[in-house]
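Novice: Provided below are the primary sequence and the corresponding predicted coordinates.
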Protein chains: 2
Amino acid sequence: MTLADQPPAAALVFQTLLAQGPLTRAEAGRRTGLSAGAVTKATAPLLSDGWITELSTPAPKRPTGRPATLIAVRPERARFIGVKVTADELIGVLADLTAKPLVARRAALDSRDVDSVVLAIARLVERLRAAADAGHSGGTRGEDVHSIGVTISGDVDGQTGVVQYSPFLDWRRVSLARLVEAATGTPTVIENDVRALTVTEQWFGAGAGLDSFALITVGAGIGCGLSIGGRVVSGAHGVSGEVGHLPVGGGERTCTCGNTGCVEAVASTHAITDQARQATGNPELTMADAVRLAHSGDETVRAVFSRAGHALGLAIASVANLIGPERIIISGEGVATYDLFAEQIRETFAARAFGAAAECDLLLRPLPFEEWARGGAAVAAQRLFAPVR
Amino acid sequence: MTLADQPPAAALVFQTLLAQGPLTRAEAGRRTGLSAGAVTKATAPLLSDGWITELSTPAPKRPTGRPATLIAVRPERARFIGVKVTADELIGVLADLTAKPLVARRAALDSRDVDSVVLAIARLVERLRAAADAGHSGGTRGEDVHSIGVTISGDVDGQTGVVQYSPFLDWRRVSLARLVEAATGTPTVIENDVRALTVTEQWFGAGAGLDSFALITVGAGIGCGLSIGGRVVSGAHGVSGEVGHLPVGGGERTCTCGNTGCVEAVASTHAITDQARQATGNPELTMADAVRLAHSGDETVRAVFSRAGHALGLAIASVANLIGPERIIISGEGVATYDLFAEQIRETFAARAFGAAAECDLLLRPLPFEEWARGGAAVAAQRLFAPVR
């Protein structure tokens, strides 16, 4: 028996334990709306098949005297591999059922053609398996890898496993899931990288237990993942969360998409570097130089970051006004320099959030690149514990 | 036994019949994911209590010879009253279970203070009941009104029944549901008017059967309702769909909210009239005059409509890029002059929709003000057939 064969009540209990456990059976019943009998019935096969366990330390005795045993997911019950594909390297993790990384490895990409990337992914997967088997995972051997999740930026159709368009790899209509599956012999799912990170945050991160949240990623691009009603929004046509192309950034700079005014055209890493070069008249300036100049008080470069912060604040306020999420998580490699635009983001957000939308919690959350690979493992795990209808 | 007491399976079958019926039991099973036995069990009490009926004309005989009977909701089984509150009048309908209006009445408001408006609502409710009892509804007498739904623009908390803030009535923290309930003796729910219209479209309109859609209303304000995964988004803090304050309208005009660049500041009825006055130098110009001038080819006034269309196109593209709905319905009293900005809306939308988001279906849908009142009836009915968790 596998988890996918379980009746809906069992899946619901398992998902609740995964995101909110350990819980007593009574509390699991309260949170799922199931009766005590239904919870007991649902947990029996999960226990016997090793998906959940009764914790040896019982919860405090109730007044009636019977100890209320805690039940919890067994993270070691299944393993997944997550791989994030960037323009020049692969980042991979072997993770448990809660997408907790047990082993992490990186691999440089020396070519962006499909066959080379697929081969590199297969080799990375082998290295992760080998490291895990050699005991580097800190856990015990035994469980084989259940499935692989590969994440990539761009227009990715998770349902069909096809990368419709990846701008930075210059791929169109690549059946990546099928290719990786053939190369590794392991079931593979793929997903847009920001949506995958949103899945991780939803189940195991700063979005767990929230009815709605948004994740804004700041870096080479400006991305956004949305979770509404417990579901990550994927868009009817495969596009969603394109906050980077909201036309709020002012008119004079042209975006990679060909339009003017996009948030990305003023707030991406490339855009900030480019504007800092113009502001200083130094065409060789790097992002690191720009950060150093801004920290040393250079007003023209500080203004570049401030302008980026203003565009990000407008974008974040737009998400709050449209969706009204409980929380907006701000992440991505750009948050390493967050101090340079944080004040402007908060100021602009406060000015533009409409009414009670200003109560939305803005949470800064630095997520290292391994977290992005974790997103792949979370998406693979989600297919197991929360199959798509 | 009432509908609210039914088990989840019965509620699911009933909701499916409401939005997609009539169906055979087999088809209802397929669409709900329930077994044949579960559908039969779920429909039995619904049939005996008169919520659904077997249609007298059976579906075509199947090859095996047994006719597949169609089952359908009985719209006459329950009645609801919907009231839309505007700045100067009330619009009311008495409607059936599918929010179909049986009687419609209007009443002028001569004061905006809370007591006067509540009294006027109670009188309108009485007139609607009387008209229905006098047989003006075209139906039979008998069923009393189950509940009332009142809709109003602004920050409305449907859960607690409190109007947090209504700008045009200048109300703050008014327990409107409780007050109307006391004045009419009938259970009352309230909702933001655009969200209520979205509920109507979701169950009985151009959103029925769609996994996601947005409704943009153009008129005195620019509103937006979102339905994602079968749920109308209400916002964690009561604010959502505030597309009117997206900062995409250009810098020079100040919005009623105090900011510049809001869509509403260039595309609301008031904003268009105001800009047309400036363009023509005629401070007495009305919206009707502006429409006439534009239709007669006045380029300066046409440019005002074109600019409004551009801002609306940016807003609609922003919704498509962020949420990725299957369809965006464009409605509101402003669509009466839609021909004056339609071309600009479509042009801007096409330029700014990101990738496959351009495939989103834009649907123009003139909805008369009675439809807004229908929204109240739909929200009241929804509380009966789809109780909020």
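Specialist: Received the coordinates, thanks. Residues are numbered from 1 along each chain as shown, chains lettered A, B, ... in the order given.

Novice: CA atoms for contacts and neighbours, from now on please.
Specialist: Fine.

Novice: Flag every buried residue along stretch A:255-272.
Specialist: Neighbour-count burial for stretch A:255-272 flags A:255, A:260-272 (criterion: 16 or more other CA atoms under 10 Å in any protein chain shown).

Novice: Next step: these restricted to helices.
Specialist: Counting by DSSP state H, the buried residues of stretch A:255-272 place A:Glu264, A:Ala265, A:Val266, A:Ala267, A:Thr269, A:His270, A:Ala271, A:Ile272 in helices.

Novice: Export those residues as CSV, with columns for distance to A:Asp144 and pLDDT.
Specialist: Supplementary listing: those in CSV, determined by distance: CA to CA, whole Å; pLDDT from 0 to 100:
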residue, distance to A:Asp144, pLDDT
A:Glu264, 41, 92
A:Ala265, 45, 93
A:Val266, 46, 93
A:Ala267, 43, 93
A:Thr269, 39, 92
A:His270, 41, 92
A:Ala271, 44, 94
A:Ile272, 45, 94
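
Novice: of the residues you listed, closest to chain B?
Specialist: A:Glu264 (12.9 Å; CA to the nearest CA).

Novice: ok, the closest one - contacts?
Specialist: A:Gly221, A:Ile222, A:Gly244, A:His245, A:Cys255, A:Ala271 (CA atoms under 8 Å, 6 or more residues apart in numbering or on different chains).

Novice: Apart from its neighbours in sequence, what residue is nearest the first one?
Specialist: Counting by CA to CA, 6 or more residues apart in numbering or on different chains, A:Ser268 is the residue found nearest to A:Gly221 once chain neighbours are left out, at 5.4 Å.

Novice: doesn't A:Thr217 make contact with that neighbour?
Specialist: No. Judged on CA atoms under 8 Å, A:Ser268 makes no contact with A:Thr217 at a distance of 10.0 Å.

Novice: Now do the contacts for A:Glu299.
Specialist: Counting by CA under 8 Å, 6+ apart, A:Glu299 has no contacts.

Novice: Nearest to A:Pro368 among the ones in helices among the buried residues of stretch A:255-272?
Specialist: Using CA to CA, A:Thr269 comes nearest to A:Pro368 of these, at 16.1 Å.

Novice: I figured that closest one hits A:Glu333, correct?
Specialist: No. Between A:Thr269 and A:Glu333 there is no contact under CA under 8 Å: 9.1 Å.

Novice: Residues in contact with both of those two, list them for me.
Specialist: A:Gly219.

Novice: Show me how the record splits chain A into domains.
Specialist: Structural domains assigned to chain A are A:3-73, A:78-199+A:371-385, A:210-364, following automatic domain parsing.

Novice: Now do the second one: distance to the chain's middle.
Specialist: Spelled out, that is domain A:78-199+A:371-385. 13 Å (CA atoms, centre = their mean, to the nearest Å).

Novice: Quick check: end-to-end length of stretch A:32-41?
Specialist: Stretch A:32-41 has an end-to-end distance of 14 Å (criterion: CA to CA, to the nearest Å).

Novice: Does chain B have contacts with that stretch?
Specialist: No. Using CA under 8 Å from any CA of the partner chain, stretch A:32-41 never reaches chain B; the gap is at least 9.7 Å.

Novice: Neighbours of A:Leu197, how many?
Specialist: Neighbour count of A:Leu197, defined by other CA atoms under 10 Å in any protein chain shown: 27.

Novice: How about it: what's its closest non-neighbour residue?
Specialist: A:Gly375 (4.6 Å).

Novice: Now do the same for that neighbour: its pLDDT.
Specialist: At A:Gly375, the predicted lDDT confidence score is 94.

Novice: Now do the buried residues in whichever strand or helix holds it.
Specialist: According to DSSP states H and E, A:Gly375 maps onto helix A:369-385. By neighbour count on 16+ other CA under 10 Å, the buried set for helix A:369-385 is A:370-382, A:384-385.

Novice: got the contact list for it?
Specialist: Contacts of helix A:369-385 (CA under 8 Å, 6+ apart): A:3-4, A:11, A:14-15, A:80-84, A:91-95, A:97-101, A:104, A:147-151, A:188-191, A:193, A:196-200, A:333.

Novice: who in the stretch 251-389 of chain A is up against chain B?
Specialist: A:259, A:314, A:318, A:320-326, A:351-352, A:354-357, A:359-360.

Novice: show me where chain A has helices.
Specialist: A:8-20, A:25-32, A:36-48, A:114-133, A:176-184, A:193-204, A:264-267, A:269-280, A:287-295, A:299-323, A:342-352, A:369-385.

Novice: which residues does the residue nearest to A:Gly92 when sequence neighbours are not counted bridge with?
Specialist: Nearest non-adjacent residue to A:Gly92, counting by CA to CA, 6+ apart: A:Val83, 4.3 Å away. Beta-bridge pairing for A:Val83 (DSSP bridges): A:Gly92, A:Val150.

Novice: hang on, isn't A:Val83 packed against A:Ser147?
Specialist: No. A:Val83 is beyond contact range of A:Ser147, at 11.3 Å (criterion: CA under 8 Å).

Novice: Who has more neighbours out of the two?
Specialist: A:Val83 (30 against 23).

Novice: List the contacts of A:Ala350.
Specialist: Neighbours of A:Ala350 in contact, by CA under 8 Å, 6+ apart: A:Ala317, A:Ala358.
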